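sequence and predicted structure below; questions after.
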Amino acid sequence: MTENTTSATTEQPTIIKVAGGSANEVNGGYDVVIGRGLLTQLPDILGPQTHRVAIILPRALRATGDVVKSSLDEAGFNAILVEIPDSEEGKHIEVASFCWQVLGQSDFTRSDAIVSVGGGAVSDLAGFVAATWLRGVRVVHMPTTLLGMVDASVGGKTGINTAEGKNLVGAFHPPAGVLADLDTLLTLPKNEVISGLAEVVKCGFIADATILDLIEDNISQVSNPHAPVLRELIERAIQVKADVVSQDLKESNLRQMLNYGHTLGHAIELAERYQYRHGAAVAVGMVFAAELARSVGRLDDATVDRHRSILEGIGLPTSYVGDRWATLLDGIRRDKKNRGEQLRFVILEDQGKPVIYDVPDESLLFAAYQEIAE
Ligand SMILES: NC(=O)c1ccc[n+]([C@@H]2O[C@H](COP(=O)([O-])OP(=O)(O)OC[C@H]3O[C@@H](n4cnc5c(N)ncnc54)[C@H](O)[C@@H]3O)[C@@H](O)[C@H]2O)c1
Ligand SMILES: O=C(O)C(=O)C[C@@H](O)[C@H](O)[C@H](O)COP(=O)(O)O
Ligand SMILES: [Zn+2]
């Protein structure tokens, strides 16, 4: 674990260091900066070697993109805006192809850089474009959703969806830096804040118990972007992710814990044709995994109940329609954690003790599904 500067109770920026694997730095690390008014830091992260900057963003964030572009142009860069479709519609090969075309027509070289402005869907797509253009150029993420800040912008997983499933094509391509400007959360719809909180809760169950205590003690405040507790939760969740990806960038082992709740979660998103928020799907997936763990004697009743009380307290779903098992099982079979025929889940043996569970019999999964079925 690296030494970090934290300041949850002040308005000073907090810097969380992530070790390993940056496409930018000689020492292989990068900073996640959390604070307000962070745009002024972007030129320094891009560095003097950068001439052209492609700012990839959804149309809905055009006004923010214009501000980023003006600031870069004023600092002497040649910045262009690359607008992509919103949300999961952006995580398609055709959209990546469109971005490659724009970069090609702009004579984008290896010393140039990409900046993503938006939520996790944008950083996943922009990161993938950065990973593949000329076999890799630098990318800086400016997440504008809670989920993007606490999870998607950190750790270098990039990707797009295919017809068969979520994030099935991608690359590990860590950013050169992350600027998480808390002011962007002021315009974020409440359901998006709630969706992002699912990944924060995940970090509480897999690692940092204080996250769960803070949420329980401040349940009415956690989705308020002005509340100091939200900043503390953001910083704690990023620290959990930074600690994990610093040790295991390419998901050889430890990083799999960050996938808690995602095996069923991704299957739900696919079944719903991505009209279901990622965080909401992960929330249902965590309850499913908790029920699976309970059914095989690995997790106690109180921790399973705590999943439901915290997630429901925030406004997240903990159940799912009861007649979709065949479709969901198809999705589960395509999960990246599986090895050959062996289905594998992240389950908890206790708070803070995630383990990989090789499912011995699919009927156990169906039984857990019965526990979350509406
Ligand atoms: N790479 C990773 O490690 C990782 C981690 C977690 C999630 N993800 C991916 O992230 C995606 C979900 O990200 P998300 O929840 O941020 O969703 P999103 O990117 O789809 O953004 C959600 C919505 O919020 C809007 N929006 C963004 N910022 C806004 C702002 N400041 N004000 C108003 N509206 C704003 C967007 O236009 C969009 O409509 C999924 O594709 C998921 O798979 C990736
Ligand atoms: O960073 C990781 O590793 C994660 O698993 C974080 C997840 O929250 C995230 O949704 C990730 O994109 C899922 O990755 P995938 O490999 O299951 O597609
Ligand atoms: Zn996720």
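Alright, I've got the coordinates. Ligands and ions are numbered 1, 2, ... in the order given.

next up, the contacts around the residue nearest the centre of the chain.
The centroid of the chain falls nearest to Ala152 when counting by CA atoms, centre = their mean (2.5 Å). Going by CB atoms under 8 Å, 6 or more residues apart in numbering, Ala152 touches 119-120, 123-124, 141, 143. Quick note: C-beta positions are derived from backbone N, CA and C, even for glycine.

which of the residues you listed fall in strands?
Using DSSP state E, the members of the contacts of Ala152 that fall within strands are 141, 143.

any idea where the strands of the stretch 51-200 of the chain begin and end?
For the stretch 51-200 of the chain, applying DSSP state E, counting those that start in this stretch gives strands covering 52-58, 78-84, 113-118, 138-143, 157-162, 165-172, 177-181.

which of the ones you listed sits closest to ligand 1?
strand 157-162 (3.7 Å; CB to the nearest ligand atom).

now the closest one against strand 138-143, angle please.
Orientation check (axes from the mean of the first three to the mean of the last three CA atoms, to 10 degrees): strand 157-162 against strand 138-143 gives 80 degrees.

OK, contacts around Thr145?
When contacts are counted by CB under 8 Å, 6+ apart, Thr145 touches 118-120, 184-185, 188, 192, 196.

re earlier: ok, and which of the contacts of Ala152 reach ligand 1?
Restricting the contacts of Ala152 to those near ligand 1 by CB under 6 Å from any ligand atom leaves 119-120, 124.

which of the residues you listed lies closest to Gly104?
Nearest to Gly104 among the ones next to ligand 1 among the contacts of Ala152, counting by CB to CB, is Asp124 at 21.3 Å.

sketch out the low-pLDDT regions of the chain for me.
Flagging of the chain using pLDDT under 70 yields the residue ranges 1-10, 21-27.

for it, which residues are neighbours of ligand 2?
Counting by CB under 6 Å from any ligand atom, the chain sits next to ligand 2 at 151, 155, 157, 166-167, 199, 251, 255, 258-259, 262, 336.

which of those are close to ligand 1?
Near ligand 1, by the rule CB under 6 Å from any ligand atom, you find 151, 155, 157, 167 out of the residues of the chain next to ligand 2.

top of the residues you listed by number of neighbours, please.
Ranked by neighbour count (other CB atoms under 10 Å), these have Asp151 at the top, with 28 neighbours.

and the gap between that one and Val200?
9 Å (CB to CB, to the nearest Å).

what residues do the two have in common as contacts?
Ala237.

what residues are up against the nearest residue to Pro58 once chain neighbours are set aside?
The shortest distance from Pro58 to any non-neighbouring residue, by CB to CB, 6 or more residues apart in numbering, is to Asp86 (4.3 Å). By CB under 8 Å, 6+ apart, the contact set of Asp86 is 58-60, 121.

in helices only, show me those.
Using DSSP state H to define helices, the subset of those located there is Ala121.

show me which of the contacts of Asp86 are buried.
Listed as buried from those are 58, 121; burial here means 16 or more other CB atoms under 10 Å.

using JSON lines, lay out the contacts of Asp86 together with distance to Arg135.
JSON lines is the format used below for these (distance: CB to CB, whole Å):
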{"residue": "Pro58", "distance to Arg135": "26"}
{"residue": "Arg59", "distance to Arg135": "29"}
{"residue": "Ala60", "distance to Arg135": "31"}
{"residue": "Ala121", "distance to Arg135": "24"}
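
and the contacts of Asp86, which two are the farthest apart?
Longest span within the contacts of Asp86, CB to CB: Arg59 and Ala121, 12.8 Å.

how many neighbours does the closest residue to Val359 other than its chain neighbours have?
Counting by CB to CB, 6+ apart, the nearest residue to Val359 once its immediate chain neighbours are dropped is Leu343, at 4.4 Å. If you count neighbours by other CB under 10 Å, Leu343 ends up with 21.

what of Gly29?
17.

quick check on Gly29: phi, psi?
Dihedral pair for Gly29: phi -120, psi 170, per degrees, to the nearest 10.

quick one, phi psi at the residue nearest to it when sequence neighbours are not counted?
Nearest residue to Gly29, sequence neighbours excluded (CB to CB, 6+ apart): Ala19, at 4.8 Å. The phi and psi values for Ala19, taken as degrees, to the nearest 10, are phi -90, psi 150.

wait, doesn't Ala19 sit right on Gly155?
No: proximity of Ala19 to Gly155 does not meet the contact threshold set by CB atoms under 8 Å, at 11.3 Å.

excluding residues flanking it in the chain, which one is nearest Ser71?
The nearest residue in space to Ser71 (CB to CB, 6+ apart) is Leu39, at 5.3 Å.

buried set for stretch 49-63?
Those would be 50, 52-58, 61, for stretch 49-63 by 16+ other CB under 10 Å.

end-to-end on that stretch?
One end of stretch 49-63 sits 27 Å from the other (CA to CA, to the nearest Å).

ok, and what's touching that stretch?
Contacts to stretch 49-63, defined as CB under 8 Å, 6+ apart, come from residues 46, 64-65, 68-69, 72, 77-87, 90, 99, 102-103, 106-109, 111-118, 121-122, 125-126, 129, 138, 144.

for the nearest residue to Thr144 once chain neighbours are set aside, give me its contacts.
Spatial nearest neighbour of Thr144, excluding adjacent residues (CB to CB, 6+ apart): Thr184 at 4.0 Å. By CB under 8 Å, 6+ apart, the contact set of Thr184 is 64, 143-145.

what about the closest residue to ligand 1 within the stretch 201-350 of the chain, neighbour count?
Across the stretch 201-350 of the chain, the shortest distance to ligand 1 (CB to the nearest ligand atom) belongs to His278, at 4.2 Å. When neighbours are defined as other CB under 10 Å, His278 has 26 of them.

what of the one 4 residues further on?
In terms of burial, Val282 registers 29 neighbours under the definition other CB under 10 Å.

who are the packing partners of the helix or strand harbouring it?
According to DSSP states H and E, Val282 maps onto helix 278-295. The criterion is 3 or more CB pairs under 8 Å, 6 or more residues apart in numbering; DSSP states H and E, and the helices and strands that helix 278-295 contacts are helix 190-206, helix 262-271, helix 301-314, strand 344-348, helix 362-372.
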